[in-house]
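Peer 1: Could you look at this predicted model? Sequence included:
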Amino acid sequence: MLVHGAWHGAWCWSTLQAGLDRRGIPSLAVDLPGHGASAAPLGGLHDDAAALSAVLDHVGDGDRGPLVLVGHSYGGAVITQAATGRDDIAHLVYVAAFALDDGESVLGCLGAMERHDVELAAAMVPTPDGTATTLAPAAAVPALYGHCPTEAVAAALPRLGPQSMASMTEEVVGDPRASIPATYVVCTDDRAVHPAHQRVMAERCTTTHVLDTDHSPFLSSVASTTDIIEQIASAS
């Protein structure tokens, strides 16, 4: 189960899903409310986690096998909240993602760590009512897609949408990593979630992998990211 990060949608996983398909690994990418093809209104973290939980409740059947949740960036907070209290999740995978502890929000977690500036800050534009942010396309490229093919970047930019402020300020309730194995994928040239912050959150997980790439390894380092997910899926 693939969960996108802020401003994105399920579309961002399509290239990686094609790689998983070739290896015989079934996957489903989810549009969180208000993103991609979703007609639901934007919500906060708890709304997003509830939407993911609803999909988890209905996907597959009794023979589907164990579920691996993969969260990118903000999607890490979503899979953390959604996995709390479930007994059907075999593994959590955080790809340059927010592996939050009980009681933390995305902004609260960042504020508690040593400050490291990233280029994403310059790309964020508040909406007029202050309830969400969008991304300025020119600034989003170095922040998110520094290692990505130009054609992939050109396809991604028009698809980026607003992200609610509530998704950044609502706190996770629960600690699923206390009972579910977790893997963190650190991206060393990330300009959106600083690698130093990623390493702090990686220490909260069972296993760590390191990719020398940008914030979007589903586009910039597809084979290596697929290798990691295949390894986890095969062992789960």
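Peer 2: Arrived safely, thanks for sending.

Peer 1: all helices of this structure, in order?
Peer 2: For the chain, the helices defined by DSSP state H cover 14-22, 45-58, 75-83, 106-112, 120-123, 137-144, 150-156, 166-169, 195-202, 217-220, 222-235.

Peer 1: Deepest-packed of those helices, please.
Peer 2: Highest mean neighbour count of those: helix 75-83, a mean of 29 (counted as mean count of other Cβ atoms under 10 Å). In this view, the C-beta of every residue, glycine as well, is placed from N, C-alpha and C.

Peer 1: Touching, residue 217 and residue 185? I think so.
Peer 2: Yes: judged on Cβ atoms under 8 Å, residue 217 makes contact with residue 185 at a distance of 7.0 Å.

Peer 1: quick one: common contacting residues for the two?
Peer 2: Residues touching both residue 217 and residue 185 (Cβ atoms under 8 Å, 6 or more residues apart in numbering) are 95-96, 211, 225.

Peer 1: Spit out the contact partners of residue 200.
Peer 2: residue 113.

Peer 1: Kindly report the same for residue 166.
Peer 2: By Cβ under 8 Å, 6+ apart, the residues touching residue 166 are 43-45, 47, 131.

Peer 1: I'd guessed residue 35 sits against residue 161; true?
Peer 2: Yes: counting by Cβ under 8 Å, residue 35 touches residue 161, with 5.9 Å between them.

Peer 1: which one of those two has more residues nearby?
Peer 2: Counting neighbours by other Cβ atoms under 10 Å for residue 35 and for residue 161 shows that residue 35 has the greater number, 26 against 17.

Peer 1: Can you check what pLDDT the model gives that one?
Peer 2: Residue 35 carries a pLDDT value of 98.

Peer 1: distance of it from residue 131?
Peer 2: 15 Å (Cβ to Cβ, to the nearest Å).

Peer 1: Also residue 122?
Peer 2: From residue 122 across to residue 131, the span is 21 Å (Cβ to Cβ).

Peer 1: Residue 111 now?
Peer 2: 20 Å.

Peer 1: Which strand residues bridge the residue nearest the centre of the chain?
Peer 2: Note on the chain: the residue nearest the mean C-alpha position is residue 72, at 1.8 Å, using Cα atoms, centre = their mean. Note on residue 72: beta-bridge partners residue 95, judged by DSSP bridges.

Peer 1: I figured residue 75 hits residue 100, correct?
Peer 2: No: Residue 75 lies out of contact with residue 100 (Cβ under 8 Å); the separation is 11.5 Å.

Peer 1: Would you confirm that the residue nearest to the centre of the chain contacts residue 6?
Peer 2: No: in this structure residue 72 lies outside contact range of residue 6 using Cβ under 8 Å: 9.4 Å.

Peer 1: So for residue 132, what's the nearest residue that isn't a sequence neighbour?
Peer 2: For residue 132, ignoring the flanking residues on the chain, the nearest one in space by Cβ to Cβ, 6 or more residues apart in numbering is residue 162 at 4.2 Å.

Peer 1: Ramachandran coordinates for that neighbour?
Peer 2: Backbone torsions for residue 162, taken as degrees, to the nearest 10, come to phi -70, psi 160.

Peer 1: With residue 149 instead?
Peer 2: phi -60, psi 140.
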